[in-house]
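Q: Got a predicted structure plus its sequence, pasted below:
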Amino acid sequence: MSARVVVMTDRAWPDDSIERNVIESAGFSFVTGPPDAPSATEVEHAVGDHQPAAIMTCWAQVSARAIDLADSLEIVARMGVGLDNIAVEAATRQGVLVTNVPDYCIEEVSDHAVGLALAWTRGLIQFDRLVRAGCWDPSCARLRRLATLTCGIVGLGRIGRRTGEKLKALGARVIASDPYPPPDADGIEILALRDLLAASDIVIVHAPLTDTTRHLIGAAELALMPQGGLLVNVSRGPLVDSDAVIDALRSGHLSGAGLDVLESEPDVPPGLLEQPGALLTPHIAFSSDVAVEQLRRSAAEEVVRVLSGDPPRYPCNRPAARAAEGTRP
């Protein structure tokens, strides 16, 4: 009998050596292609051709049709945290587990958020650009002391809480908004989103992307922020309305926007590039040598765990058919 197949759709790193070693050492067949994310249709074709027991995906869309095409599919493993590129409801209906790796980049993403805040308060990007352009003028500095500012965190999950800890250690006042706040918020005051926006010099978005959080931050929300504030998004691009951010930067209502993610990525709106207050990085907040290795190994080990009949460490759904019968309908 041929080994069950694991298909990896794409990856955000050069090779597949870690994943291949974990999967093949466990006795499964491993199929992968180029690192760039294929289209949803291409994923569907690959699934139909290889009939995998497991799909590992980084950025590629795993559609309801892809899940339906694989008769023996047991698990879709997200090599990351967010699940917006996976048809989770379809997987649940089909008795397929969906997993992620929620704890691999807590330090990296929180560091990135704090780094963008510090780059703004200290003018690091702005003055690097000016010096490179031949301008040496310390008198034009209009900088801020982080310890005097209020930082509002939208989404108080693992990463949001860690960001809060780091900001508090730097002396900032930290508040948060979350529809399902943790039982222990470590002394962080929980506010309604509108109240948080009105009170925050810096707003950091750490929320998941769902149908209800798309454009969570738009023109009306930005208008609530104090004049001259900073918006940071290190979660998912569509949480923030890019056009609204551009307008707020143009008008001066926002003096900065630290964005690691964009709703149009990898395309960057020209209007955003024109704004000196825009601090832009290419969806790398998750990345470090340690975090990427942990992510790759953890995702592959989760696949092996499930295909070997053991429960996953990080299930993201509860497939009724699997719970009741142990097999797909």
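A: Good, I have the coordinates. Residues are numbered from 1 along each chain as shown.
Q: Tell me which stretches of the protein form helices.
A: 17-25, 40-50, 64-69, 88-93, 106-121, 124-132, 158-169, 193-199, 219-224, 242-251, 270-273, 289-307, 320-325 (DSSP state H).
Q: what would these look like in CSV with mean pLDDT, distance to Y180 and mean neighbour count?
A: Every residue, glycine included, has its C-beta placed from N, CA and C. Formatted as CSV, those follow (pLDDT from 0 to 100; distance: least, C-beta to C-beta, whole Å; neighbours: other C-beta atoms under 10 Å):
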stretch, mean pLDDT, distance to Y180, mean neighbour count
helix 17-25, 98, 33, 17
helix 40-50, 97, 30, 17
helix 64-69, 97, 26, 21
helix 88-93, 96, 18, 18
helix 106-121, 98, 18, 22
helix 124-132, 96, 35, 14
helix 158-169, 96, 12, 21
helix 193-199, 98, 13, 18
helix 219-224, 98, 19, 17
helix 242-251, 98, 26, 19
helix 270-273, 97, 31, 13
helix 289-307, 97, 24, 20
helix 320-325, 56, 23, 13
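Q: Quick one: closest of those to P183.
A: Ranking the helices of the chain by proximity to P183 (C-beta to C-beta) places helix 158-169 first, at 11.7 Å.
Q: so the closest one versus helix 106-121, what angle?
A: Interaxial angle, helix 158-169 versus helix 106-121 (axes from the mean of the first three to the mean of the last three C-alpha atoms, to 10 degrees): 50 degrees.
Q: And the contacts of helix 158-169?
A: With contact meaning C-beta atoms under 8 Å, 6 or more residues apart in numbering, helix 158-169 is reached by 102-103, 105-107, 109-111, 113-114, 117, 146, 151, 153-154, 156, 174, 176, 178, 182, 185-186, 188, 204, 206.
Q: Just the C-alphas of that helix, formatted as PDB.
A: Taking C-alpha atoms only, helix 158-169 is exported to PDB below (Å, rounded to 0.1, in the frame of the first residue of the first chain):
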ATOM      1  CA  ARG A 158      -1.400  35.900  23.200                       C
ATOM      2  CA  ILE A 159       0.400  38.500  21.100                       C
ATOM      3  CA  GLY A 160      -1.700  41.500  22.200                       C
ATOM      4  CA  ARG A 161      -1.000  40.600  25.900                       C
ATOM      5  CA  ARG A 162       2.800  40.300  25.200                       C
ATOM      6  CA  THR A 163       2.800  43.700  23.400                       C
ATOM      7  CA  GLY A 164       1.100  45.200  26.400                       C
ATOM      8  CA  GLU A 165       3.700  43.800  28.700                       C
ATOM      9  CA  LYS A 166       6.500  45.300  26.700                       C
ATOM     10  CA  LEU A 167       4.800  48.700  26.400                       C
ATOM     11  CA  LYS A 168       4.100  48.800  30.100                       C
ATOM     12  CA  ALA A 169       7.800  47.900  30.800                       C
END
